[in-house]
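> Give me coordinates for this.
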Amino acid sequence: MVVDDPLIRSWHDDLTAVLGPEDPRAADVRLGVFYTAVRLTTGEVGVAFTPRDLADTVCCPRSAAAGPPAGRLAGASAWDLASYAHSRTPLRRSVGVAALNALSARAMDLHGTPGGRLLPDADALDAAGVLPDETVAMVGAFTPFIKALKNTARELWVVDKHPGALREDEMPLWRSPAEAVSTLAQADVVLITGSALVEGGLGALLDAAANARCVVLAGPTASPWPPTFFSRGVDILGGVRITDGEQALRLVGEGASGYVLFSRVGQKICVVREGSHAAR
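Next comes the predicted model:
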């Protein structure tokens with residue numbers, strides 16, 4: 001079954017327009033515990049968050065049929081894999097978003113970052129320049145950002161479907177997903193983890209954050225073609241550029257975390273939208 005997500009559709013269409021007739025294949029695909037990765041025959045790698053709270057994890061014919069077609073992913077057209085980003089099946093969406101991120105890396109290798117300034121090795125939170133009198137709403141409990149903000153921002157709210165993702169002393173910060181729209185509407189700075197590209201609903205979150213001074217999409221999954229997301233109100237994309245594709249696929253298959261991807265086989269990058277009110 002297919003989900004027609006307008007934001008994902010725009011991302012796919014924009015990449016099609018930029019890359020034209022180019023039809024790279026998937027040299028390798030890995031579905032790891034924490035991340036899914038697609039490596040193109042042209043060398044670029046895209047990663048995406050792997051959903052772990054799946055409703056149907058029994059290895060029966062029905063659940064297996066709903067998942068990505070094991071044994072037929074490597075060698076497939078990257079565009080065919082990218083179409084999985086519209087699937088209702090979470091693991092297929094993860095493969096699709098990873099493929100779109102790989103195609104985005106290809107587009108940036110060929111055309112740079114139109115409409116944005118590339119800041120190698122920059123941290124997305126530093127680029128946002130949160131001020132002490134500002135309120136911050138975070139979608140997805142990203143521990144390094146929580147540590148940096150809970151004692152510096154005027155107020156911090158963390159929207160996450162898993163309250164247990166926060167420490168006991170951080171529980172007053174927690175907001176349920178049902179409160180996401182109202183919470184983001186009150187924030188000066190909005191931070192959204194890239195997992196929203198896989199879990200869905202990013203368009204609605206961006207609409208809710210329309211009045212924020214700065215909107216950040218961050219994490220290894222947040223490595224898309226910048227113009228698509230700049231046009232929807234994102235000010236900063238804080239993603240990863242994979243520098244060792246073969247090793248990255250191996251690490252993903254062995255259950256690597258985002259920290260390992262950043263530190264061993266990748267480089268943090270920020271792309272800041274031209275004309276945004278971000279600090280850098």
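> Thought A278 was touching G129, still the case?
Yes. Between G129 and A278 there is a contact at 6.3 Å, judged by CB atoms under 8 Å. C-beta here means a position set from N, CA and C on the backbone, and glycine is covered the same way.
> of these two, who's got more company?
A278 (22 against 15; other CB atoms under 10 Å).
> Which residue ranges of this structure form helices?
6-19, 61-66, 78-82, 90-111, 124-128, 143-149, 180-185, 196-199, 202-208, 226-230, 245-253, 258-260 (DSSP state H).
> What lies in contact with the first one?
To tie it back to what came earlier, the one meant is helix 6-19. Residues from elsewhere that reach helix 6-19, judged by CB atoms under 8 Å, 6 or more residues apart in numbering: 79, 82-83, 85-86, 96-97, 100, 103-104, 106-107, 110-111, 197, 202-203, 206, 224-225, 227-229, 231-232.
> Got a PyMOL select line for the buried ones in those residues?
To isolate the buried members of the contacts of helix 6-19 in PyMOL, using 16 or more other CB atoms under 10 Å:
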select buried, resi 79+82+83+85+86+96+97+100+103+104+106+107+197+202+206+224+225+227+228+229+232
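> residue contacts, the closest residue to G116 other than its chain neighbours?
Spatial nearest neighbour of G116, excluding adjacent residues (CB to CB, 6 or more residues apart in numbering): V271 at 4.2 Å. With contact set as CB under 8 Å, 6+ apart, V271 has these partners: 113, 116-119, 226, 236-237, 239.
> Looking at those, which one is closest to T50?
Relative to T50, the closest of the contacts of V271 is G239; by CB to CB it sits at 16.5 Å.
> Tell me, how many residues neighbour the closest residue to the closest one other than its chain neighbours?
Spatially, and ignoring its direct neighbours in sequence, G239 is nearest to S223 (3.2 Å; CB to CB, 6+ apart). Counted with other CB under 10 Å, the neighbours of S223 add up to 32.
> will you turn the helices of the chain into JSON lines that also has mean pLDDT?
Converted to JSON lines, the helices of the chain look like this (pLDDT from 0 to 100):
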{"stretch": "helix 6-19", "mean pLDDT": "96"}
{"stretch": "helix 61-66", "mean pLDDT": "53"}
{"stretch": "helix 78-82", "mean pLDDT": "98"}
{"stretch": "helix 90-111", "mean pLDDT": "97"}
{"stretch": "helix 124-128", "mean pLDDT": "95"}
{"stretch": "helix 143-149", "mean pLDDT": "93"}
{"stretch": "helix 180-185", "mean pLDDT": "97"}
{"stretch": "helix 196-199", "mean pLDDT": "94"}
{"stretch": "helix 202-208", "mean pLDDT": "96"}
{"stretch": "helix 226-230", "mean pLDDT": "98"}
{"stretch": "helix 245-253", "mean pLDDT": "95"}
{"stretch": "helix 258-260", "mean pLDDT": "83"}
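> can I get those helices in JSON lines with distance to A26?
JSON lines is the format used below for the helices of the chain (distance: least, CB to CB, whole Å):
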{"stretch": "helix 6-19", "distance to A26": "15"}
{"stretch": "helix 61-66", "distance to A26": "20"}
{"stretch": "helix 78-82", "distance to A26": "6"}
{"stretch": "helix 90-111", "distance to A26": "7"}
{"stretch": "helix 124-128", "distance to A26": "28"}
{"stretch": "helix 143-149", "distance to A26": "31"}
{"stretch": "helix 180-185", "distance to A26": "34"}
{"stretch": "helix 196-199", "distance to A26": "18"}
{"stretch": "helix 202-208", "distance to A26": "24"}
{"stretch": "helix 226-230", "distance to A26": "21"}
{"stretch": "helix 245-253", "distance to A26": "11"}
{"stretch": "helix 258-260", "distance to A26": "22"}
